[in-house]
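Chemist: model this:
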Amino acid sequence: MTIKEARNSTKLTQAQVAKVIGVTLQCYQNYEYGITFPNVMTALKLAKLFGTSVEELFGKKTEM
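Modeler: Coordinates of the predicted model:
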């Protein structure tokens with residue numbers, strides 16, 4: 001799952017997500033577009049907001 005997919009599933013706008021997690025709209029857009037990545041605390045806020053884990057949002061799935 002990508003950040004954009006998670007956001008779309010919650011029907012939130014980029015601006016709404018940015019406000020909730022305490023960053024600027026441009027900063028959040030950079031996360032969604034893969035230009036930059038959030039710090040650990042912000043990643044945790046995103047995971048909580050979207051009801052998922054940090055690993056699910058930013059990690060790669062590996063098969064065992």
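Chemist: low-confidence ranges in the chain?
Modeler: 60-64 (pLDDT under 70).
Chemist: how about 80 then?
Modeler: Applying pLDDT under 80 to the chain flags residues 59-64.
Chemist: where do the helices sit along it?
Modeler: Counting by DSSP state H, the chain has helices at residues 3-10, 14-21, 25-32, 40-50, 54-58.
Chemist: Take those helices and lay them out in TSV including mean neighbour count.
Modeler: Heads up, the C-betas are built off the backbone N, CA and C, glycines and all. Listed next are the helices of the chain as TSV, based on neighbours: other Cβ atoms under 10 Å:
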stretch	mean neighbour count
helix 3-10	15
helix 14-21	16
helix 25-32	17
helix 40-50	16
helix 54-58	15
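Chemist: gap between the residue lying closest to residue 25 once chain neighbours are set aside and residue 28?
Modeler: Sequence neighbours aside, residue 18 is the residue nearest to residue 25 in space, at 4.7 Å (criterion: Cβ to Cβ, 6 or more residues apart in numbering). Distance of residue 18 to residue 28, given as Cβ to Cβ, to the nearest Å: 4 Å.
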